[in-house]
Structures are given as structure tokens and as C-alpha cells.
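J.: Sequence plus the predicted model coming up.
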Amino acid sequence: MAGFELRDLSASFAGKRVIGPLSLTVWEGEKVALVGKSGAGKSTLVNLIHQQLDQQTSLVPQELGLVNALPVFHNVFMGQLDQHPAWYATLTLIRPFARDREAIRSLLADLDMAEKLWTPSMSLSGGQRQRVAIARAIWRNASILLADEPVSALDGPMAHRVMQLLVAKFGTSVIALHDVELALRYCNRIVGIQDGHVALDEPSERLQASDIMTLY
Amino acid sequence: MLSYPVVRTSLLFVAIAIGGLFFADIAITASNPWRDLGNFFLGVMTPDFFSTEGLLTALLRTVAFAFVGVALGSVFGFLLSLVYDRLPVRIFSAFIRAIHELFWALIFLQFFGFHPLTGVLAIAIPYAGIFAKVYSEILDEADPSPARTLPPGTGALARFLYTRIPDCWDQIRTYTAYRLECGLRSSAILGFVGLPTLGFYLESSFSQGSYSEAGAMLVLFYVLIATIPLWVRPRLLPVYLAGAPFFLGEGLPIVWGNVARFFTEDIVPAPIRSGEGIEALGSWFGELMLQAALPGIWNTLILTQIALVATGILTLLVFPLISNHFGGPVRRTAGHVFLVIARSTPEYILAYILLQLWGPSMLPAVVALALHNGGIIGHLIGRQTNGIRLRPDAPVGFRRYSWELVPRIYRSFLAFLFYRWEIIMRETAILGILGIYTLGFYVDSAIQNIQFDKAIVLIVITALLNIGIDTLGRFIRRRLALQTMPTC
């Protein structure tokens, strides 16, 4: 499964519809940027897609979902928790295997975080925490990436570096972004969300920043 | 003032307690209570650590029973906490924790005899019920979002170990260590029903009037509890846990025939045992209710309500002793020592001592319960006031107490008090074993008369009463929107 087709998605909070009905088809190889002003329903849509695809995606949720008491290593390792038997996972909690240590260290090096491997994620800064969640999604290695504002806490150069890494690692991705420039540069399809509906759906090369700004 | 629900509730409880005083048996019956009390304090001041070689053994056994009992309780409590969302598990846990350690000990004594298992189970079973509840509350508060990012094929064990336990670990550890302290107190009082822990030796020194010997035991017990942070170390725990089972003493061997007889004959109500039919059972039960259960319930309720209010008054009096809004370092240190002693002495031991000195009535029980519980809540509230920052020109002295501090801490004070309501009642019931006419008295008499069928019914009634008060206390705390952390 590399692309997906979702029909008539909808979601309500407290009786008020916030999404849909909305249909979205994503083909293999597409890098979709979800844009729109805050409150338009991007996060809800990301969570809906995550549920609909039976969680078979690499997810970077907005709240990151880190286990604060565990070190960076284990938070990343969790991405492949289904790949190991229970005894292996339990031993890893006490003393990780050298193979995993090296693999995760080199993944973190790509994110400039290698020296934080054993730091409890509780004592990381906001940007570092975000990179741990991204490393976990990459380690998870699903064919589709679902990310909700994955670089919102990163400075300019680091944000570009992470976006490059993400589009290189995942064939297909759906990324909610408020930064229009990043969206145009790293994604090949822009989907604009307004009041829970698709208000814009075009390939990136046909759009300019000003076209998207009409959504805001 | 009267328009505040918190104030109205407080006044209602005070009124009930004052009403209760008219029915309660409050008196000092000893011929010379103050001389005895003086002698006792003299004994504590001049402890004799070398009178019996039994002293060190008693301490060792007390620690060993506490470790094994609390460890087993925490393991089983943890397992129960995993399925605590199921109603039968909740009811089961509520039931086993509503029965006091001493009642469990009395039950097990009837068929295991003086075997170490009796003491271990007497601690482990009620503690498992408490651990189940508190662990499940801690686990429920873990952040649910990490679990959502896991791959769907993740096994339940790995999921639990990675996303639930780490978040809760600190709290679980702190709470378990805290329960170990409670376990030491429980273990000490098990001696009063004949197990080889501190209470056994304390009782015998007391009955011989050797106050210096009794004083030495109490002093050592305080030192043991006060130094817990020094000798209970994470690295040493496995050593203690592995070693403790070997220091429980030999006891007497279990006679399995007794076990079988207890369940198939002893606890079967007498009319059924002798085949007299349902009608006889009805009159047997009616007589039991009229002659034991109802008077026991009545006295237990009265004593509980008086002790609850006395605890509250004492708390409000003593918390300034350790608050840094009043007094200098000398008075605060003295206050800390007083509160540590008050809360480290099990209420059962306090009540026992006071009963010996003042003679049998409800008064020693009220004072013991108020001292112990007031010591615990006073300590917590006093610490809480240290976090309060007052404006620089705030009044001092009594006005600071009544206008600035009490209004600020009153809600959490009530929360703790209502939390301990059920604990006070559980203790009140058990103090009956010392000769006050609460439910414990009737349980103990039934056991003395070898009427285990009646004893079991009375224990179950006590448990139901505790569950009722616990539910009522929780209802009131919810109504008044009071929140608290568990205490023991």
C-alpha cells in the first residue's frame, strides 16, 4: 500500500462538524502538503487519515507523543516495537542491543541529535523533542508519512534539513504545514483546507505563495 | 460564613460529634492515671536497651514481616490494578482492603496458627487491595498519546512497558516506599495478637510494668522509621527482599486438617451445621445482630465521629508547629519531632498505652486516634503552608493564622480529613480488641468463645460499614470538590 483513497471523511466535536464530508485520493510518490489557517481542521484530518489507514503510517502528531521518562533512544526504538518479540523489547528497556544502538545513533546524527541518545526526553528543548518524534517516525519505516507541523519548533536551516530528510525517506507523504514556502518547496501537491473542506488542490508547480495566501 | 458549603459541612460534623459525646463512655477509670503516665514517660526517657535479648529479634521480625507482606501485596496489587476497570475486581479489592490487618491475622490464626504465613498474609491481603486501587489511579493518569503512535502490531506487554510504566514509575516507587513505612507499623501491631513482632514484646513489658524496656522498644521503632531513607536504598532492596523470608521465625507448623475444618465446619453458621433449618438460621442471625452487631456498629460510629472531629481540631492546632510562618527554628524542630512521634506510633499502640494508664473507656481511643491522624494531617498541612507566599505586610501571630493561613488550607485540610474518615473507622473497629465496645470487641469475644461463624459475619459487617463510609467520604469530597493524594 503506497497510495490511498478515502471517501466521505467527516468528524464532529460536540455535535459540530469540523471536517467534511471530504474525499481525498493520494497516489504513490505524492508529497501532499495540507495548508490552511489554524482551526481549519488540518490536525483533525491528519488524525482521521491515521485512523482510516489502520495506523499503517509513520505518524508525527502535533503533541509528539513522547514518553518523557524514557531516553531518546527508547522513544525512537518504539517506532519498531512491533518488529521484536516481547523478551527482546523488555531486555532493550534494561540494556539495548549494540545493533540497535548504532542504527539509532546514526539516524539521530542525520538530525544533529546523536549526542542526546541517552538524554531523557523530559529534559530536551522543544525543537529537540520534535526531532525525536521525527526520528521515531523514520525508524518506524512505514511507506506513508503522516506529519502534523513536524518542523514548527525548528529554526530555518534545521527545518530545511529535516524536510529534505523526510521527503527522501518516505515515498508518499501527507504533511500539515503552516509555512507556505516550505510546502511549495518540498511537496509536489498542495491541498488547501478551509472550514473542513478541500478549498484548493493543485500540483505545486502550478502555484505561487500568493495563490495559497487566499486561504488565510 | 454559613453560606459556604465547606463551613456548613464542618459544623454538621462537629454537631454530630458533640451529640455523640452524650452517648460515649468517656472517663478515666484508673486510680492514679497521672502517676502511671509519669512513670511511662520516665521509662521512655530512660530506655533500657539491654534488658532482653528479644529486643533485636523483635525488630528484625518486624522488618521481615513488613518487607515480605508489602512486597507480596504490591505484586498482587499491581496485577489487580491491570484489570481494575472490571467491576468484580473493584468490589473484591474494596472488600479485602476494608478488613483490617489485625482481623485478617485473627482469621488466619484460627487455621494456620502461629505460622509466619499468618503474619505475611495479614499484611499482604489488605495491602494488595489498597495497592490495586492506587496503582490503577496512577496508571490511568499516564499520557495516552505515546501509545497512539505505536505500530498497530505491537504486543500488549511491550506497549505497556514502553508507554505506561515509564511515566508512572516514579509515582509507583514513591507510593510503594511510603506503604513500606505503613507496613512497618502494621507489622509491629501484629505482635498484639501473638506474632513475634514488636507489639508482642511491648505488651509483655507493659504488663510487667517494665516501662524502661517498653520505652526502649518505642525509641528503637521511631529510629527505625525515621531512618528509612538511610537504610532502604534501591540497590539494597533486592538483598532485603531475598533475605526477609528467612527472618520471619519458625512459628508452629500448619496443621492442614485445621484449615479444612475451618472452612467446612467452623465458619458455617451453627444452625446450618447442626441441620436446624432456615428458621433457626434466621433467629441465630437476629440474635447476633441484636446482641453484637448493632451495639458494635453504634459504638463504632460514635467513636469514629468523635475521633474524626478530634483529629480535625488537633490538626488545626498542631500544623503551625512546623509551619515557617510562625516561630523560630527551635520550635519548628521540636514541632517536627512531636509530629514524627505522633504519626509513627501506630494508633493501636497509642491506644494500648493510654488504656493501660487511664483504664478502659473511649477516651484513650479518641486521644490515640486524634494524635496519630492529627500528626499525619498536621504534617502534610504544615508543609503545605510553607509553600504559601504572603504579602509583605500580612498580619502576624494569631491573625496570620486565622485570616491568612486557615482559609487557604481549609479545603485541603477537609480533603485529607474525609480521606482518613474510612481509615479512622477501620482503626476504631479494631481498637475493640483492646476492650472498647466497638465491633472489634465483639469479633474478639466471638473468637474467644470459639464461635468463628459469628466472628466471620461480624467481620463482614465491619467491612461493609467501612465500604459505606468510604463511599460517603468520596461522595462528600466530590460534592465539595476536594482533592487529595492517598495517605495511610
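T.: It's in.
J.: can you give me the helices in chain A?
T.: Under the criterion DSSP state H, chain A carries helices at the ranges A:42-52, A:72-77, A:86-94, A:98-110, A:126-140, A:156-169, A:180-186, A:209-213.
J.: And the ones you listed: which comes nearest chain B?
T.: helix A:86-94 (3.9 Å; C-beta to the nearest C-beta). C-beta: built from backbone N, CA, C; applies to glycine.
J.: Does the closest one reach chain B?
T.: Yes. Helix A:86-94 comes into contact with chain B (C-beta under 8 Å from any C-beta of the partner chain), by way of A:Ala86, A:Ala89, A:Thr90, A:Leu93.
J.: which residues touch residue 90?
T.: Defaulting to chain A. B:Leu157, B:Ala158, B:Leu161 (C-beta atoms under 8 Å, 6 or more residues apart in numbering or on different chains).
J.: meant chain B, my bad for not saying
T.: B:Arg90 makes contacts with B:Tyr84, as judged by C-beta under 8 Å, 6+ apart.
J.: I figured A:Ala153 hits A:Gly126, correct?
T.: Yes. Assessed by C-beta atoms under 8 Å, A:Ala153 is found in contact with A:Gly126 at 4.3 Å.
J.: low-confidence ranges in chain B?
T.: Applying pLDDT under 70 to chain B flags the ranges B:52, B:484-488.
J.: Now A:Asp112: closest residue in space that isn't a chain neighbour?
T.: Nearest non-adjacent residue to A:Asp112, counting by C-beta to C-beta, 6 or more residues apart in numbering or on different chains: A:Met158, 7.1 Å away.
J.: Might you report the residue contacts of the one you found?
T.: Residues near A:Met158 by C-beta under 8 Å, 6+ apart: A:Asp112, A:Gly127, A:Arg131, A:Val151.
J.: Give me the distance between it and A:Arg105.
T.: Look at A:Met158 and A:Arg105: by C-beta to C-beta, to the nearest Å, they are 19 Å apart.
J.: ok so, going back, and which of the contacts of A:Thr90 is nearest to B:Arg148?
T.: B:Ala158 (15.0 Å; C-beta to C-beta).
J.: I'd say that closest one and A:His84 touch.
T.: Yes. Under the criterion of C-beta under 8 Å, B:Ala158 makes contact with A:His84 at 7.4 Å.
J.: Give me the more crowded residue out of those two.
T.: Set B:Ala158 next to A:His84 and count neighbours by other C-beta atoms under 10 Å in any protein chain shown: B:Ala158 wins out with 22 against 18.
J.: Any part of the helix or strand that contains that one near chain A?
T.: Under the criterion of DSSP states H and E, B:Ala158 resides in helix B:156-163. Yes. Helix B:156-163 is in contact with chain A by C-beta under 8 Å from any C-beta, via B:Leu157, B:Ala158, B:Arg159, B:Leu161, B:Tyr162, B:Thr163.
J.: The fourth one - how many residues pack around it?
T.: Read that as B:Leu161. Neighbour tally, B:Leu161, other C-beta under 10 Å: 18.
J.: Could you give the backbone dihedrals for B:Gly435?
T.: Here is the backbone geometry of B:Gly435 (degrees, to the nearest 10): phi 110, psi 10.
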